[in-house]
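[1] Fold the following.
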Amino acid sequence: MGSEMCIRDRVYNCIESLKYCVQSIQQQTYMNWKLVLVDDGSTDGTAGLCDQLAEMDSRIEVIHKLNGGVSSARNAGIDAAIGEYITFCDSDDYLEPDYLVSLLQTAESNPDCGHIWCCFQTVTGYQKENAIPNYSAAEDIQRYTLQDYMTLHEMWLDTNPWNKLYRMDIIQDRSVQFPEDLSLGEDWLFNLAYIDASGNSKIAVITKPLYNYVRGNNESLDSKYRSDLLDIYRRLNDACLTHLQKWRILDAQMAKFFDSRFYLYERVLRNTMRAPNKSLSEKMRWNNAFLRSTEFREALEARECFVHPLYLRAYKSGSYRMVLFLNHLHKWKSKFLK
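    Model prediction:
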């Protein structure tokens, strides 16, 4: 197992976490790697720390660039990458010591699988006592095909770039890149493009959580307002549906897609209520119009997931005021039943 591995890490104003992240890479049991740190225009001293780390370890290369966002930084890292394989790591996360060797060994022992993924666990800071694995199984390796794609989606395994092993020749020969016009969901589109470019439908999943996803204080999708969220979700849904149809996914898996689409539309409704420059009446009018739209009604009818009858009635009524009433009722009930 002499394959050279490139690890790509976009860094931006992460001086507190970067050293720990890099340390977890330096502690890998597999040693034949190169780390490309892409400083995406940091302003807090992160750029200087990157240079210091590179001075102390010849396997680390630093690229300094103007701030262009996550996709721009990742594409710059891909352009600078060498070796047979590449993997990604976010600067506020960290790896288990056997992350690299496990990915490579799994690739060698499953040569018919074009996609090597691993499970991850969500941790608070750098304490793993309360780690939450995304999935658990008795088998060390589980094999899937694209016919299982939405099952993997439900396990949160498909959309991120940091729990996967990618072949550099596929990325370079087919010009697979992260879309730079998106600030959300760009990872998912990259992975769909890579699957297409590989021409391989088999996926091997390492069930041991080898990647530590650090739950930080950053705003989540359910706390930060995005004016373009509906447009982004439309683009992601269209891309996913196109691929599922191309792969001729069976009906049971397609049903999981329609459930996922409906969940995203529920997020759109919550997102509207966080709009900072709209009055409550404006927010209600927008949500009422969306509830009554053909787009939402088709998503509501196509889904197979359970929706409480009262919420189902509220959605069908086209009145978001009824949805808000049920939300307040649920919060009141939860508070007094504690």
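[2] In contact with the residue nearest to the spatial centre of the chain, which residues?
    Geometric centre of the chain, nearest residue: Asn160, 3.3 Å, by C-alpha atoms, centre = their mean. By C-beta atoms under 8 Å, 6 or more residues apart in numbering, the residues touching Asn160 are 120, 187. C-betas here are computed from N, CA, C, even on glycine.
[3] Wasn't it part of a helix?
    No: per DSSP: H, G, I helix; E, B strand; the rest coil, Asn160 lies outside any helix segment and is coil.
[4] For Ala275, see how far away it is.
    Using C-beta to C-beta, to the nearest Å, Asn160 is found at 28 Å from Ala275.
[5] Asp158 now?
    Asp158 is 30 Å from Ala275, by C-beta to C-beta.
[6] How about Ala255?
    Taking C-beta to C-beta, one finds Ala255 at 32 Å from Ala275.
[7] Check Gln105 too.
    49 Å.
[8] just Tyr126 next, same as before
    35 Å.
[9] More neighbours: these two, which one.
    Ala275 (15 against 11; other C-beta atoms under 10 Å).
[10] where does the spatially closest residue to the more buried one that is not a sequence neighbour land on pLDDT?
    Of all residues not flanking Ala275 in the chain, Tyr225 sits nearest, at 5.5 Å (C-beta to C-beta, 6 or more residues apart in numbering). Reading off the confidence values, Tyr225 has pLDDT 94.
[11] Could you do the one 4 residues further on as well?
    Confidence at Leu229, expressed as pLDDT, is 97.
[12] ok, it - how many residues close by?
    19.
[13] mind listing what Ile206 touches?
    102-103, 106, 116-119, 140-141.
[14] Tell me where the stretch 1-150 of the chain has helices.
    15-26, 46-56, 70-80, 99-109, 149-154 (DSSP state H, counting those that start in this stretch).
[15] and the longest strand anywhere in the chain, which strands flank it?
    Looking across the chain with DSSP state E, the single longest strand is strand 202-215. When sheet partners are counted by DSSP bridges, strand 202-215 sits next to strand 94-95 (antiparallel), strand 115-124 (parallel), strand 141-145 (antiparallel).
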